[in-house]
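Peer 1: next comes the sequence, and after it the predicted model I'd like to discuss.
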Amino acid sequence: MTLEVVARHAGVSPATASRVLNRTTRVRDELRERVLAAADLLGYIPNAHAQALASASSRVVGVICHDVSDPYFAAIASGVMRAASERGLLMMLASTFRDPAREIAYVSTLRAQRARAILLISSGFQDRAWERAMSAELDPYLRGGGRVAVVSRHRTLRVDTVLPENRAGGAALARALLDLGHRDFAVLTGPRALTTVSDRLRGFRDALARAGVDLAPDQIVEGAFTRDGGYDACSGLLQRGLRATCVFAITDVMAIGALAALRDHGLRVPEDVSLAGFDDIPVVRDLSPPLTTVALPLAEMGEAVMALALREPPRRRSRVARFDGAVVLRASTAPL
């Protein structure tokens, strides 16, 4: 049974029948009684999903990340999920696998479904075309009352942002490693177009430069933002000749791959080379040796991005919630 059949039986337009059955606006008593009588006679039951879309009262929050199998995003998503549960909301999670076009397509889909809020919890792309396309999707959604908040992005989108201090964390890690006596470094990075990568690398490199230490271009190797990407990048570094006494992987996940690559090439950590990462995902404490890293409060960041998206009353001016990272020295790094 459809709404159109009820409207036809009552002799009214589908729009009038919808207003009566969804109780969105007042309708003349005579028309209302005809629609209700037709619905009762025909056994029509309003569709709850359609009602939610029509009234913009969807209980769904859309969360878009690069890859939910990455423990970094999984930890942030766990914080979002906890906050959603406390508010009686349903979280819908999607992975883009670092495809900018797919990310924009997911936002478009969530707009069409009238999601209560859209959360982008992955690094932004340093790409003007992507920024324009994303703004074209988000701006009308925001004007229509939608909520948007992001993690780890620059403020070009002009929405509420949870911002880990990636540049400052990279700089703090460099200073800690310099204090251990290291002067020769190599860096395993993810794609340079990701803002998280560029911020962490810039902070690390700037702190080295202030100490008079140069980071040679041939000691910076780009790989996929994965365990295998870290393994391949570190293997490539070893094949071209490792001069560094300390390797910095831009994420813990890449550092895990690098640790395996160093072992496969007969090198001991930290006796032959020190190794550090960034994020402090739970598994790195259980590695052998445990990984030196920059700890971020990932689950807390997830809770914060949900709180920003659903704050009441909504404000026109976007806000930034900043989260510092803390250097955690563990056994994967040793003094020289």
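Peer 2: Now that the structure is in, tell me what you want to look at.
Peer 1: separation between A171 and V284?
Peer 2: The gap separating A171 from V284 is 20 Å, by Cβ to Cβ, to the nearest Å. C-beta here means a position set from N, CA and C on the backbone, and glycine is covered the same way.
Peer 1: comparing those two, which residue is more hemmed in?
Peer 2: V284 (23 against 20; other Cβ atoms under 10 Å).
Peer 1: residues in contact with that one?
Peer 2: 252, 255-256, 277, 290-291, 293, 330 (Cβ atoms under 8 Å, 6 or more residues apart in numbering).
Peer 1: could you identify the most distant pair in the residues you listed?
Peer 2: Using Cβ to Cβ, the two most remote members of the contacts of V284 are I256 and R330, lying 13.5 Å apart.
Peer 1: what residues do those two have in common as contacts?
Peer 2: 284, 291.
Peer 1: neighbour count for these two, which is higher?
Peer 2: I256 (24 against 18).
Peer 1: relative to L275, how far out is the residue lying closest to R330 once chain neighbours are set aside?
Peer 2: Leaving out its chain neighbours, the residue that sits closest to R330 by Cβ to Cβ, 6 or more residues apart in numbering is P290, at 4.0 Å. Distance of P290 to L275, given as Cβ to Cβ: 11 Å.
Peer 1: who has more neighbours out of these two?
Peer 2: More crowded of P290 and L275, by other Cβ under 10 Å: L275, with 27 against 14.
Peer 1: what pairs with that one across the strands?
Peer 2: V247 (DSSP bridges).
Peer 1: swap in D279?
Peer 2: Residues in a beta bridge with D279, per DSSP bridges, are A295.
Peer 1: was I right about it contacting Y72?
Peer 2: Yes: checked against Cβ atoms under 8 Å, the pair D279 and Y72 is within contact range at 5.1 Å.
Peer 1: find me the pLDDT at the most centrally placed residue in the chain, would you?
Peer 2: Nearest to the geometric centre of the chain sits I121, at 1.7 Å (Cα atoms, centre = their mean). Per-residue confidence (pLDDT) for I121: 93.
Peer 1: ditto for the one 5 residues further on
Peer 2: Looking at Q126, its pLDDT reads 73.
Peer 1: ok, which stretches of the stretch 51-200 of the chain are helices?
Peer 2: 71-86, 100-112, 128-143, 166-179, 195-210 (DSSP state H, counting those that start in this stretch).
Peer 1: just for the stretch 151-300 of the chain, where's the confidence low?
Peer 2: For the stretch 151-300 of the chain, the stretches with pLDDT under 70 are 154-156.
Peer 1: just to revisit the earlier point, tell me, what's touching D279 and Y72 both at once?
Peer 2: Going by Cβ under 8 Å, 6+ apart, residues that sit against D279 and also against Y72 are 251-253, 298.
Peer 1: now distance to R87 too, for these, in TSV please.
Peer 2: TSV is the format used below for the shared contacts of D279 and Y72 (distance: Cβ to Cβ, whole Å):
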residue	distance to R87
T251	30
D252	30
V253	30
L298	20
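Peer 1: returning to that earlier point: what do P290 and L275 both touch?
Peer 2: What both P290 and L275 touch, as defined by Cβ under 8 Å, 6+ apart, is the set S332.
Peer 1: what's the next secondary structure element after the helix or strand where T16 lies?
Peer 2: Element membership for T16 (DSSP states H and E) is helix 14-22. Where DSSP H and E defines the elements, the next helix or strand beyond helix 14-22 is helix 29-42.
Peer 1: now do the buried residues in that following helix.
Peer 2: 31-32, 34-36, 38-39 (16 or more other Cβ atoms under 10 Å).
Peer 1: and the residues you listed as TSV, adding pLDDT?
Peer 2: Formatted as TSV, the buried residues of helix 29-42 follow (pLDDT from 0 to 100):
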residue	pLDDT
L31	86
R32	85
R34	90
V35	87
L36	87
A38	86
A39	84
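Peer 1: ok, so of the residues you listed, who is nearest G88?
Peer 2: Minimum distance to G88 across these is 28.4 Å, recorded for A39 (Cβ to Cβ).
Peer 1: tell me which element the residue lying closest to that closest one once chain neighbours are set aside is part of?
Peer 2: Closest residue in space to A39, ignoring its immediate chain neighbours: V6 at 5.2 Å, by Cβ to Cβ, 6+ apart. Assigning secondary structure by DSSP H and E places V6 in helix 3-10.
Peer 1: what does that helix contact?
Peer 2: Contacts with helix 3-10, where a contact means Cβ under 8 Å, 6+ apart, come from 13-14, 16-18, 21, 31, 34-35, 37-39, 41-42, 44.
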